[in-house]
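1. Sequence first, then the predicted structure:
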Amino acid sequence: MDQKPQDDIDFLEPSVLLDETHYQEGFKNGYNDGLVSGKEEGRQVGLKNGFQVGEELGFYQGCVDVWMSVICIDHNAFSARIRKNIEQLAALVRSYPLYDPEDEQIQDIMEKIRLKFRVITANLGAKLEYEGRPASSKHDVEDL
């Protein structure tokens, strides 16, 4: 039997163990730092997106409130079709899931709100649009 002496194996073992210990410690520190910075970045992005959605919904709700006030003062100020569209827009804004941001319908509802708003403003002949939303997603990427 050709067996190496035990001393040949043992003299490298502390070096290998030390290297593995440093690797594990570095990985653990990096992982923990990543969790902290990832949560902070996620919070900031969520806050920004939440603010933008709230601002846009507030704009549409404000327009609905003004139009409904006009209807209360003069029921014939708008045609029946425009009144119906305003009521539908109000219902869409109310149906937006503010407290459930993971709702799969959220983008569809916002698109319906935007479309209904455009229909109303076109029928009114008004050049009114929400301008707080960036025109392209490139703007959002640059902000991050």
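-> Nice, I can see it.

2. check which helix or strand covers Glu55.
-> helix 13-73 (DSSP states H and E).

3. buried ones in stretch 82-96?
-> In terms of neighbour count (16 or more other Cβ atoms under 10 Å), stretch 82-96 has its buried residues at Ile82, Arg83, Asn85, Ile86, Leu89, Ala90, Leu92, Val93, Tyr96. C-beta: built from backbone N, CA, C; applies to glycine.

4. Sitting in helices, which of these do you find?
-> Taking DSSP state H as the definition of helices, those contribute Ile82, Arg83, Asn85, Ile86, Leu89, Ala90, Leu92, Val93.

5. what does the model give the residue nearest the centre of the chain for pLDDT?
-> The residue lying closest to the centre of the chain (Cα atoms, centre = their mean) is Asn49, at 4.3 Å. pLDDT recorded at Asn49 is 87.

6. what about it, distance to Met110?
-> Asn49 sits 12 Å away from Met110, going by Cβ to Cβ, to the nearest Å.
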